[in-house]
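S.K.: Kindly generate the corresponding structure for this input.
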Amino acid sequence: MTTEADAPGGPLSAGERVLLVDPKERRYLLTLQPGAVFHTHSGIVAHDDVIGRVEGSTVNATTGRRFVALRPTLAEVVLKMPRGAQVIYPKDLGAILIAADIGPGMRVLEAGVGSGALSMALLRAGAEVIGYEVRADFAAGARANVAAWAGEGATYRVEERDVYEGIEERGLDRVVLDLPEPWRALGPITEALRPGGIVLSYLPSITQVATLRGAMASRPFGMAETSEVLRRTWHVEERSVRPDHRMVAHTGFITTARLLVPAPGPADVAGR
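M.R.: This is a model prediction of the structure:
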């Protein structure tokens, strides 16, 4: 089965997900199946009319309304896929990848996988992802969403475990947390993360951030930094050029820090 992660350039095929965009730019995500039909208030679109088309083609509904058929981007999949937990917005996913410096081959522990949106972004960057999730339904949902997007061969596994109680892995390159009390995981992270590795936490409130930063100060973490991303789109049409009336403002705070090797104290120096 073709997956979004493959991002092929050939004709749209049965089994892959496509995005149908109507003239008002409303977007519908569906999986192409021979003989199936897609119902909207604008008419019915036969899947067979989409299968075999080149991406970017226009297909007609039974009412004559036209839809553009495209392969969805990762951001579009994240916003449209089934989910139980609230997903991290695409504007923050990109910032997280850069802030944590995620790259190919890195071993990343993600605690609090939710619906798998961040997992997809980490995998897209080439990381090997181990997920810890305490809720069985969230873990199952994340596995299903990631498999639908990346296929069964992705370097991804999710364990139903509580990161607060410990981390089994050692020598991790990165630890990414989407948890309400990340300071409780700093002890296990100190043992699991390699020296120089990065821990990143995503939190909704600044009071949580303050508690986390205070806890980091008493452990061997340095170069701590907190930021947020505000995204404002623009309306550009002929002579009407202005900011859109709505923007995606605060969604979460991103805090990063690096695990350092503690400097020797006076006793250590004297002992040498």
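
S.K.: drop to CA atoms for contacts and neighbour counts, all remaining ones
M.R.: Will do.

S.K.: Thr207 in helix, strand or coil?
M.R.: Following DSSP: H, G, I helix; E, B strand; the rest coil, Thr207 is assigned to helix.

S.K.: Tell me the spacing between it and Gly252.
M.R.: 12 Å (Cα to Cα, to the nearest Å).

S.K.: the more surrounded of these two?
M.R.: With neighbours defined as other Cα atoms under 10 Å, Thr207 and Gly252 compare such that Gly252 has more, 19 against 10.

S.K.: That one against Tyr202, yeah?
M.R.: Yes - shown here, Gly252 and Tyr202 form a contact pair, counting by Cα atoms under 8 Å, at 6.3 Å.

S.K.: Does Gly131 lie in a helix or a strand, and which?
M.R.: Applying DSSP states H and E as the criterion places Gly131 in strand 128-132.

S.K.: Now do the end-to-end distance for stretch 159-178.
M.R.: For stretch 159-178, the first-to-last residue distance is 15 Å (Cα to Cα).

S.K.: quick one on the thing from earlier: helices and strands around the strand holding Gly131, which ones?
M.R.: Packing partners of strand 128-132 (3 or more Cα pairs under 8 Å, 6 or more residues apart in numbering; DSSP states H and E): strand 107-111, helix 117-124, strand 156-159.

S.K.: pLDDT (mean, whole number) over the second one?
M.R.: This means helix 117-124. Helix 117-124 comes out with an average pLDDT of 96.

S.K.: For Gly131, which non-adjacent residue is spatially closest?
M.R.: Val158 (4.3 Å; Cα to Cα, 6 or more residues apart in numbering).

S.K.: same deal with Arg66?
M.R.: Distances taken as Cα to Cα, 6+ apart place Asn60 nearest to Arg66, at 4.6 Å, with adjacent residues excluded.

S.K.: give the contact list for that neighbour.
M.R.: Contact analysis of Asn60 by Cα atoms under 8 Å, 6 or more residues apart in numbering lists Val45, Arg66, Phe67.

S.K.: Narrow those to those in strands?
M.R.: Val45, Arg66, Phe67 (DSSP state E).

S.K.: Can I get those in TSV including neighbour count, pLDDT and distance to Arg232?
M.R.: Listed next are the ones in strands among the contacts of Asn60 as TSV, based on neighbours: other Cα atoms under 10 Å; pLDDT from 0 to 100; distance: Cα to Cα, whole Å:
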residue	neighbour count	pLDDT	distance to Arg232
Val45	23	94	33
Arg66	18	94	29
Phe67	25	95	27
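
S.K.: okay, now Ile98: neighbour count?
M.R.: Using other Cα under 10 Å, Ile98 has 11 neighbouring residues.
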